[in-house]
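In: 3D, please:
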Amino acid sequence: MADRVTVIGYDGGPLSTRAAEALRTATLVAGAERLLDAVAVPEQAERVLLGNVHVAAKRIGEHRGVAVVVAAGDPGFFGIVRVLHRAEYGLELEIVPAVSSVAQAFARAGMPWDDARIVSALGRDVRRAANVCRAFGKVAVLTGSGAGPAELAALLTDVPRTFVVCENLGTEREEISMLSAEHAIGREWTDVDVVIVIGPTPRPGAAGGWLAGERPGFPGPVRGWAVAEDAYAHRAGAITRAEVRALVVARLGPRLGDLVWDVGAGSGSVGVECARHGAAVVAVEKEAFGCDLIAENAARFGVEVRVVHGKAPDVLARLPLPDVVFVGGAGRGRWPRARRGGPSGSWSR
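Out: Numbering: from 1, shown residues only. Have a look, this model is predicted:
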């Protein structure tokens, strides 16, 4: 087992005294090739490339000597520390972080980020990251192969979003690009660290909150969920009653990363309730006046709801795939229907 394992972060600037000392005494240094080329690896040290991190972790654990792992930014923030900390490797870690890539990205963009949602698309479903970008007005996405700016943008062309793409942060090849989702699709991207996705919600000079991460509209101006009908703008008698809404939302279980269809949305009360739980929402309504009410209610509760003026099922084929569907409109003796499933899963009533 390695005598000592020090995980140091590298952000393009000079290493801290502690990080430089650990590197100077290392007999094994592991990291991505570009990071190993950027720091002073001792000539006698074994170099281990972090391709398969599990294979590398095993090799580090077998090493007899002083091991150093070089990671980008803060290795404890969506980084390699989570893997190295697994009990199966038996490693005792000392961590010397640098500035995280997310902090660098927002600094380059000149924006505060205590109100931003941070999600990772590294080895994960980029669709869920895109849904978070639909639901919130300021999101930083850590990108990876097959989940970069182009793939993310392809899922967001129907909503107004601005991309701040940060490539090669902390290096001489650093590049920051600000563009629309449509323009992000047509470009080839390499070595992207972070994509900041900005929607219409953030307002310059808006007061900060007390909890990191932009919050959904919950509890918002009214405490609780399935609030009384008079909390919403609506036509008389044309709103899902609070007790029915409570049952629907409980059954759907909307959550962060989900996309909800609210079909026949009326005033949008069900969709707004789902958005207050952090889900992305597309509300479909055939009446223009109803579309105005949905927009008003979304603004009232401080949530993002995309409003589609049209009649189901005609417009549904053009919508992004949902995880959750609510079919409203109890006309002709029909009760509203709630279904949960996914793009490739089954549905249940």
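
In: and residue 293, that's in a helix?
Out: Yes - in this structure, residue 293 lies within a helix as judged by DSSP: H, G, I helix; E, B strand; the rest coil.

In: in space, what's closest to it - neighbours in sequence excluded?
Out: By the measure of C-beta to C-beta, 6 or more residues apart in numbering, the closest residue to residue 293 outside its immediate chain neighbours is residue 267, 4.6 Å from it. (Glycine included, C-beta is placed from N, CA and C.)

In: which stretches of the stretch 201-349 of the chain form strands?
Out: Using DSSP state E, counting those that start in this stretch, the strands of the stretch 201-349 of the chain run over residues 259-263, 280-285, 306-309, 324-327, 337-340.

In: which parts of the third one are buried?
Out: If I follow you right, that is strand 306-309. By neighbour count, with 16 or more other C-beta atoms under 10 Å as the criterion, the buried positions of strand 306-309 are 306-308.

In: tell me what it is packed against?
Out: Where contact means 3 or more C-beta pairs under 8 Å, 6 or more residues apart in numbering; DSSP states H and E, strand 306-309 is packed against strand 280-285, helix 288-301.

In: right, and the residue nearest to residue 293 touches residue 292 too?
Out: No - using C-beta atoms under 8 Å, residue 267 is not in contact with residue 292, being 9.9 Å away.

In: neighbour count for those two, which is higher?
Out: Remark: of residue 267 and residue 292, residue 267 carries more neighbours, 25 against 15, as counted by other C-beta atoms under 10 Å.

In: pLDDT value on residue 47, please?
Out: The predicted structure scores residue 47 at 96 on the pLDDT scale.

In: wait, doesn't it sit right on residue 41?
Out: Yes - shown here, residue 47 and residue 41 form a contact pair, counting by C-beta under 8 Å, at 6.3 Å.

In: overlap in contacts, those two.
Out: With contacts defined as C-beta atoms under 8 Å, 6 or more residues apart in numbering, the residues shared by residue 47 and residue 41 are residue 29.

In: ok, those two, which is more surrounded?
Out: residue 41 (19 against 12).

In: part of a helix, is the more buried one?
Out: No - applying three-state DSSP, one finds residue 41 to be coil, outside a helix.

In: need the contact list for the residue lying closest to it once chain neighbours are set aside.
Out: Counting by C-beta to C-beta, 6+ apart, residue 41 lies nearest to residue 29, which is 4.8 Å off, once chain neighbours are set aside. Residue 29 is in contact with 23, 36, 39, 41-42, 45-48, 67-70, counting by C-beta under 8 Å, 6+ apart.

In: grab the most central residue of this protein for me.
Out: In the chain, the C-alpha nearest the mean C-alpha coordinate belongs to residue 119, at 3.1 Å (C-alpha atoms, centre = their mean).

In: quick one: strands adjacent to the helix or strand containing it?
Out: When secondary structure is defined by DSSP states H and E, residue 119 falls within strand 117-120. Taking DSSP bridges as the criterion, strand 117-120 forms sheet pairs with strand 138-142 (parallel).

In: tell me the mean pLDDT for the following helix or strand past the strand it pairs with?
Out: Later in the chain than strand 138-142, the nearest helix or strand by DSSP H and E is helix 149-154. Within the predicted structure, the mean pLDDT of helix 149-154 is 96.

In: any idea how far apart the tips of stretch 79-95 sit?
Out: Taking C-alpha to C-alpha, to the nearest Å, the first and last residues of stretch 79-95 lie 12 Å apart.

In: oops, could you answer that again for stretch 107-123 instead?
Out: End-to-end span of stretch 107-123 (C-alpha to C-alpha): 26 Å.

In: can you list contacts of that stretch?
Out: Among residues not part of stretch 107-123, those counted as contacts by C-beta under 8 Å, 6+ apart are 78, 102-103, 106, 128-129, 132, 136, 138-144, 147, 152, 164, 166, 169, 174, 176, 178, 196, 202, 206, 208-209, 212-214.
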